[in-house]
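Prediction below, plus the sequence it came from.
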Amino acid sequence: MRPVLSEQLSGRFRITLSVCMLLASVLFAGCVTVTDSRFAQEEDEDKAVDNYVKLATAYLSQGNYDRSRMHLERALELQPNDAGALATQGILYQREGEPELAEEAYRKALSSDSGYTRGRVFYGAFLYGRDRYEEAREQFRLASRDTGYDDRASVFYNLGRASEKMEDMDAAVKAYRRALDLGRGDPRWLLALSRSLLATGDYGAAARYYDRLRSMMERNPELEHSPESLLVGIQIARHFRNYDQESSLALLLRNRYPDSEEYRQYKVILADDNG
């Protein structure tokens, strides 16, 4: 489930004074000392919170929820409204099976900083996982407006997935195209776009993107067909009466994924033809 807009920006000032009178020099020096100390304290606090959140995230990825919670508590003691800490707390609650607490944390994060795109993406993924597709799509739509977000292609991909769940295939195609524009060469975008284009009946465009996916797989031996990619290829091949390609892909589907839902779907297609 990426720059974070909630990073706090604070000025760091250096004041150079040229004075003639000793008294004035002493007075200004005192003022500068107090001001620099305050800014240094704020900077130290920001760094401490950022480090606590990073540590919490690392422990969370390792499944060490207790250590993650400890660092999040320390971060929130320093800055109770820090959006990054609150959003990470939402993930922690989500992992622990506390959806109500997770949603509350996500909402607090976005209430604290509505421009915190990473937190909005986390919240959208949470809603998607709860089958709340319309709400998830809205969160992804808002997140997609952040042109500075470093994983914007994934945001559009998730926007497309939510649109598919709502059976808005035209919107899904548009989102997947945008994901592909921003994240060139990602096989996930190519497959998703091919699949959604099939649903709209645009077999020609679906075939073009699927051919790009196949070429990518031929150049990279680490990329392998999934049941979904095989079924999409089968459907395209059947439409264009490319029976050799259909047979080849169907054989792979049967041999590699005999228990998959996609293979069951293919057998239904064959049964309908024979019926």
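Yep, that arrived. Numbering: from 1, shown residues only.

Alpha carbons only: can I get the helix or strand containing Val268 in CSV?
Under the criterion of DSSP states H and E, Val268 resides in helix 261-274. Listed next in CSV are the C-alpha coordinates belonging to helix 261-274 (Å, rounded to 0.1, in the frame of the first residue of the first chain):
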residue,chain,number,x,y,z
GLU,A,261,-10.5,-19.6,-10.8
GLU,A,262,-9.3,-18.5,-14.2
TYR,A,263,-8.9,-22.1,-15.4
ARG,A,264,-12.5,-22.8,-14.2
GLN,A,265,-13.7,-19.8,-16.1
TYR,A,266,-11.9,-21.1,-19.3
LYS,A,267,-13.6,-24.5,-18.9
VAL,A,268,-17.0,-22.7,-18.7
ILE,A,269,-16.2,-20.8,-21.9
LEU,A,270,-15.4,-24.1,-23.6
ALA,A,271,-18.5,-25.7,-22.3
ASP,A,272,-20.6,-22.8,-23.6
ASP,A,273,-19.1,-23.2,-27.0
ASN,A,274,-19.8,-27.0,-27.1
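
And it, how far out from the chain middle?
34 Å (Cα atoms, centre = their mean, to the nearest Å).

what does stretch 207-222 give?
24 Å.

In contact with Gly90, which residues are there?
Contacts for Gly90 (Cβ atoms under 8 Å, 6 or more residues apart in numbering) come out as Ala102, Glu103, Glu104, Ala105, Tyr106, Ala109, Gly119, Phe122, Tyr123, Phe126. For the C-beta atoms, the positions are set from N, CA and C on the backbone; glycine is no exception.

One more: Leu182?
Arg152, Ala153, Phe156.

Highest neighbour count among those residues?
The most crowded member of the contacts of Leu182, judged by other Cβ atoms under 10 Å, is Phe156 (24 neighbours).
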